[in-house]
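Asks: Have a look; sequence and predicted model below, questions after that.
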Amino acid sequence: MTTETPLELKKTVNLPKTSFAQKANLAQAEPVRLKKWEGLNLYRMIREARRGREKFILHDGPPYANADIHLGTALNKIVKDFVIKSRTMLGYDAPYVPGYDCHGLPIELFVDKKLGAKKANMPAVSVRRACREHATEALKRQTRDFQRLGILGLWENPYLTMSNQYEADTARLFGRFVERGYVYKGARPVYWCVYDQTALAEAEVEYREHTSPSVYVKFPLASDPSEIDPALAGRKVFFLIWTTTPWTLPANLAIAVNPNFEYAVIENGAEVYVVASELAGAVAEKCGLDAPRIVARFPGAKLDRLECRHAWLERRSLVILGEHVTLGGEADAETELDVREARDKSVTGKAGTGCVHTAPGHGHDDFVIGKQYGLDIYCPVDHAGRFTSEVEHFAGERVFEANAKIVEFLRERGALLFSENYNHRYPHCWRCKNPVIFRATPQWFISLDARSAEAAVEQDEDGRDITNYTDNETDAPESLRAGALREVEQSVRWIPAWGEDRMRNMLKNRPDWCVSRQRVWGVPIPAFYCKGCNEAIADASVIKHVAGIFERETSDAWYAREAQELLPAGFACPKCSATAFTKETDILDVWFDSGSSSVAVLEHYEELHFPADMYLEGGDQYRGWFNSSLMVGLAAHDRAPYRTVLTHGWVVDGQGKAMHKSAGNSVSPNDVIKGSGAEIIRLWCASSDYHEDMRCSEEILQRVSDAYRKMRNTARFALGNLDGFDPARDGVETGELLEIDRWALAELDTVTERVRAAYEAYEFHTVYHTLYHFCTVTLSARYFDIIKDRLYTAAPRSAARRSAQTALHRIADALARLLAPVLVFTADEIWENIPRGTGGTEAAPASVHLAEFPTVSGERDEELQERWTRLFEMREGVLIKLEAARNQKVIGSSLEARVSLVATGEHYKFLKEYEEQLRYIFIVSQVSVSEVHTTSGAVKSPIAVTVMVERAGGEKCERCWSYSVRVGESARYPTACERCVEALAEIEREGGAA
RNA sequence: CGCGGAGUAGCUCAAUGGCAGCAGCACUCGACCGAUAAUCGAGCGACGGAAGGUUCGAUUCCUCCCUCCGCGACCA
């Protein structure tokens, strides 16, 4: 049966047709899809779909709810989303509850600035309300931005560290530390403004030019000098120190020297002075000693624990060793508070003596080393900056005014070797612009080394690694440090592995945790002071009571209510039985807040549980959240709150430099979203190895966009050729597929396996590279290019075409699934455009995000893959010859070519088998394979197969564009080749073009 | 300065104690004009941050140096 008139050849070619647009228009399309997901309540649907599956809990570290998100925040959230989505598609039930860190100084500072002078007269509750509003605003904006990135989660009910429940839990957890005996009250130096009479945070300090007296002061050695060196026996030995804050001298308790430096003793008349060798000349010159003789030299380490007498007081000053001592005067400057400046300067003045005046109550390094040596944190200066009554000679003096008097006093006593005015940058109060001091004030600490009062052994509720701590049941109560080290080494998996070293190092060195902050925007430390005996009361049961109030009223209650209203009825001081109390004014360090999340969140949301399977943050969190969370986990449950800790690197610019808004090299995620779409940021996150620093620049994003377009086009080609394909009706059994189609599916299986494994291992860049390579090389350049002919020219319903479509269908489906965690929007778009079987057994889920990854059947035909690897190698060689022919103008299109292969023995046999297919594989019109016998003595070609290219014979077929000598044989279709004539007949039988 | 990390082609990544990759992109040239603001091909491109050492042989193991990054600061 033939139709009346011959068909128009052009119309019988099956060109791709799809509603999947070539141009993504992501910036516009993404919001539309987000709306759709919202309409579906996709996150809820996913939860339903995975109900009852094994849980995977990624616990979200809360970003700080202050400013808008930046690329680093975006990276963090996107990588988390990769984890959540890939675990979901691997079959886990992986809920995602996002959170926000809402308390803390940056917000309070922001509010301070906004309120200006008004703040001074405002009650704390009002300031806190303003802070709460600011955090609420910020977290709303962040939420919007995170959602815009395609991150699915429980956005309607995130956890906020300022919620009443969270604040109550934070207080309860502090109570837990108290209960176990980890909490104590001590002193610690902080920036202090003597005019505003308040503690200042580092961020509230600014550096300005300031003139201080620079003094060189002699401290007489009390120990036997011959202990240092026999040459010193009987000499009057002094340690020479330098300082620019003479007022801290009354608080001097030690002199620090560097154990690794060489020290020298220089002679000045009857006296000799100990100074660092390298500085001896400079010091001598400064102090006007001419060409002093050096009496002895020795390493600083020899001086450990010698005793000096204070320059004028009847008190010892211990010689101690500290690596912080330098030759540039910086360590001294630390005491003087301008260490930051000193460090920033590339050139530091050669001031100092190598013997550092140490006052643990007035300097940070001094405090740290003082603790090591068990020195008092001595601070005889009151809140107004006056010496207390215990300071001889200067009691009641204001410290800045006392400077000059102390210098004079030193001079009179003969303890001063030299003094001058010294200009340097010195910290000032950002508000009143006056110079500040470092002053030790009382603070609450959590001890790292105290043994706990009780050992709480509990069972892991899901019992996964209960054996990990059954051993501990008999253990004696341990310190936080010991417990932390045990967990870090034994029960946490660190990715990358060096995280363990990093964490261990940090834990070994970290000092006690100072949890006090002299601020109002945070969770108040629920402690009281007895008005009768001044006893500080931090009591577990009292704290529980207070937490109950917080639970109802938020911690604003602390400021809104009197102490009596916060205490349990009838509470009396355990020491003096008085019943009047004042409230603690310090709040908790925000790290305590966020550290509490393992309990406050994981045990609060029904879908979560303690411990989390994973914490995933930037490397900065080793000292931050990983650390504070670990402490809380130990206090609450004697174990780490995480099973695995995964860290990512920092975002840097194209040169590998850190990004700073001020440096102008930062990339704003919102700009990229507006220009290219969130998908491009996501793809960038997947494209490079996030374990290290991630570079981002125009060029890099351009590359990523290119890659995106390539993958999109690859998917589009597959979809375009599936028009009218019904997998249930038209699908071909695997065994019936053409060999090359089976090869493509075998390659897909290989890729599927690799990608699944990469997702399992959180190696997202491997996912990206594997899929990208698959799209560009395996599919676009090879498979698609080859099957194009068949798809376009074979009869629409022919077995040959259906075979290719069956493969394409499976490829498109797998690609959508495998891509889904990364390209959340595009994968879903692909998914929608995949034709679904009318008679399919199960309906495809409404979104790819409800689906699971494809699985691999198991029996992959490796032999098939090897054969095709060989064929493609052959193809490479042919392509090179084709290119040569093209350059010589023998051919233009490869279809204008005829290829002759001359091969020996086994090669011949192999190629001969494929002779019919080779023209398609090479995309030429004709291929012949012939055998040649190598004769000994003949010129031996190093290549076993010789390739020759010539112009194809015959005419170009109008329909399929290949050349054939048989074009013209058909009267009905005189411009078509024999293959097309056959296809046309089939089309006509079926009633016209598809 | 301490602790930790990194340094393979312009970019993003591989592999391996043995000639550095069937790399992809970019770039150059070319083909095609039936994936078309596409597609295909060819070419170009790293002496492995520098220097030592172990080894028959190292990019891969060790030492040291340089550069960059993070933490030490209430930034992911």
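Replies: Thanks, I have it. Bear in mind that the values here come from a model prediction, so they are computed numbers and not experimental data.
Asks: rest of the way, CA atoms for contacts and neighbours
Replies: Fine.
Asks: Give me the pLDDT for the closest residue to RNA strand B within the stretch 351-500 of chain A.
Replies: Going by C-alpha to the nearest atom of the strand, RNA strand B is nearest to A:W498 of the stretch 351-500 of chain A, at 5.3 Å. pLDDT recorded at A:W498 is 90.
Asks: Run the chain-centre distance for stretch A:552-571.
Replies: 39 Å (C-alpha atoms, centre = their mean, to the nearest Å).
Asks: Centre-most residue in chain A?
Replies: A:G618 (2.2 Å; C-alpha atoms, centre = their mean).
Asks: so who does the nearest residue in space to that one that is not next to it in sequence touch?
Replies: Excluding the flanking residues, the one nearest A:G618 by C-alpha to C-alpha, 6 or more residues apart in numbering is A:H648, at 4.8 Å. With contact set as C-alpha atoms under 8 Å, 6 or more residues apart in numbering, A:H648 has these partners: A:76, A:616-619, A:690-693.
Asks: Do I have it right that A:S226 meets A:V237?
Replies: No. Assessed by C-alpha atoms under 8 Å, A:S226 is found out of contact with A:V237, at 10.2 Å.
Asks: Just want to know which of those two has more residues nearby.
Replies: Counted by other C-alpha atoms under 10 Å, A:S226 and A:V237 do not tie: A:V237 has more neighbours, with 25 against 12.
Asks: Tell me the spacing between that one and A:F528.
Replies: 50 Å (C-alpha to C-alpha, to the nearest Å).
Asks: got it, and A:Q490?
Replies: A:Q490 is 39 Å from A:F528, by C-alpha to C-alpha.
Asks: Kindly report the same for A:R53.
Replies: Relative to A:F528, and taking C-alpha to C-alpha, A:R53 is found at 48 Å.
Asks: Could you do A:L410 as well?
Replies: 43 Å.
Asks: Who has more neighbours out of the two?
Replies: Neighbour totals were compared for A:L410 and A:F528, and A:F528 leads with 24 against 21 (other C-alpha under 10 Å).
Asks: show me the contacts for A:D101.
Replies: A:D101 touches A:62-65, A:160-162, A:593-594, counting by C-alpha under 8 Å, 6+ apart.
Asks: How about the residue in chain A that RNA strand B sits nearest to, nearest residue that isn't a chain neighbour?
Replies: Across chain A, no residue is closer to RNA strand B than A:S688, which sits at 2.4 Å (C-alpha to the nearest atom of the strand). Leaving out its chain neighbours, the residue that sits closest to A:S688 by C-alpha to C-alpha, 6+ apart is A:H765, at 5.3 Å.
Asks: same question, A:P524
Replies: Here the residue nearest A:P524, using C-alpha to C-alpha, 6+ apart, is A:I587, at 4.0 Å.
Asks: quick one: pLDDT of that neighbour?
Replies: 94.
Asks: before we move on, what about A:Y469?
Replies: 41.
Asks: What is the neighbour count of A:A201?
Replies: 16.
Asks: which residues does the closest residue to A:F387 other than its chain neighbours contact?
Replies: Of all residues not flanking A:F387 in the chain, A:V381 sits nearest, at 4.5 Å (C-alpha to C-alpha, 6+ apart). By C-alpha under 8 Å, 6+ apart, the contact list for A:V381 reads A:387-388, A:399, A:439.
Asks: neighbour-wise, which of these leads?
Replies: A:R439 leads those on contacts (other C-alpha under 10 Å) with 29 neighbours.
Asks: Okay, now the sheet partners of the host helix or strand of that one, with direction.
Replies: Assigned by DSSP states H and E, A:R439 belongs to strand A:437-446. Sheet partners assigned to strand A:437-446 using DSSP bridges are listed as strand A:183-193 (antiparallel), strand A:513-514 (antiparallel).
Asks: got TSV for those, with distance to A:L567 and mean neighbour count too?
Replies: What follows is these, written out as TSV (distance: least, C-alpha to C-alpha, whole Å; neighbours: other C-alpha atoms under 10 Å):
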stretch	distance to A:L567	mean neighbour count
strand A:183-193	20	22
strand A:513-514	25	18
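Asks: Please tabulate those in JSON lines, including the columns distance to A:A580 and mean pLDDT.
Replies: Shown next, in JSON lines, are these (distance: least, C-alpha to C-alpha, whole Å; pLDDT from 0 to 100):
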{"stretch": "strand A:183-193", "distance to A:A580": "21", "mean pLDDT": "88"}
{"stretch": "strand A:513-514", "distance to A:A580": "27", "mean pLDDT": "89"}
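Asks: Out of the ones you listed, the one nearest A:K118 is which?
Replies: Of all these, strand A:183-193 sits nearest to A:K118, with 19.3 Å by C-alpha to C-alpha.
Asks: How about the contacts made by A:L646?
Replies: Here A:L646 is in contact with A:494-496, A:614-617 (C-alpha under 8 Å, 6+ apart).
Asks: ok so, going back, can I get the contacts of A:V381 in JSON lines including secondary structure?
Replies: Shown next, in JSON lines, are these (DSSP: H, G, I helix; E, B strand; the rest coil):
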{"residue": "A:F387", "secondary structure": "strand"}
{"residue": "A:T388", "secondary structure": "coil"}
{"residue": "A:V399", "secondary structure": "helix"}
{"residue": "A:R439", "secondary structure": "strand"}
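Asks: that older thread, neighbours around the residue of the stretch 351-500 of chain A closest to RNA strand B, how many?
Replies: 10.
Asks: Got phi/psi on it?
Replies: Backbone torsions for A:W498, taken as degrees, to the nearest 10, come to phi -70, psi -10.
Asks: pretty sure A:A484 contacts A:M631?
Replies: Yes. A:A484 is in contact with A:M631 according to C-alpha under 8 Å; the separation is 7.2 Å.
Asks: A:S662: how many residues sit nearby?
Replies: 7.
Asks: now it, what's its secondary structure?
Replies: Under three-state DSSP, A:S662 falls in the coil class.
Asks: so where does A:V947 fall, helix or strand?
Replies: strand A:945-951.
Asks: Now do that strand: everything it contacts.
Replies: Taking C-alpha under 8 Å, 6+ apart as the rule, strand A:945-951 contacts A:877-878, A:881-882, A:885, A:890-891, A:896-904, A:907.
Asks: partners of it, with directions?
Replies: In the sheet, strand A:945-951 lines up with strand A:897-903 (antiparallel) (DSSP bridges).
Asks: Show me what secondary structure element comes after the partner strand.
Replies: The element immediately downstream of strand A:897-903 (helix or strand, assigned by DSSP H and E) is helix A:905-913.
Asks: Okay, helices next: where are they in the stretch 601-750 of chain A?
Replies: Remark: helices assigned in the stretch 601-750 of chain A by DSSP state H, counting those that start in this stretch are A:625-637, A:669-675, A:678-687, A:698-720, A:727-730, A:739-760.
Asks: ugh, typo on my part, it should be the stretch 201-350 of chain A
Replies: A:277-286, A:330-335, A:339-344.
Asks: Just give me the lowest mean pLDDT stretch among the ones you listed.
Replies: helix A:339-344 (a mean of 34).
Asks: Show me what secondary structure element comes after it.
Replies: Taking DSSP H and E, what comes next after helix A:339-344 is strand A:355-358.
Asks: ok now that next one, how far from the chain's centre?
Replies: That offset, for strand A:355-358, works out to 39 Å (C-alpha atoms, centre = their mean).
Asks: Dump that strand to PDB, restricted to CA.
Replies: Output of strand A:355-358 as PDB, limited to C-alpha atoms (Å, rounded to 0.1, in the frame of the first residue of the first chain):
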ATOM      1  CA  CYS A 355      62.500  39.800  79.600                       C
ATOM      2  CA  VAL A 356      58.800  40.400  79.700                       C
ATOM      3  CA  HIS A 357      57.000  42.100  82.600                       C
ATOM      4  CA  THR A 358      54.100  39.800  83.400                       C
END
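Asks: what about the helix or strand that that strand is followed by, near RNA strand B?
Replies: Counting by DSSP H and E, the next helix or strand C-terminal to strand A:355-358 is helix A:364-372. No. Applying C-alpha under 7 Å from any atom of the strand, one finds helix A:364-372 separated from RNA strand B by no less than 8.5 Å.
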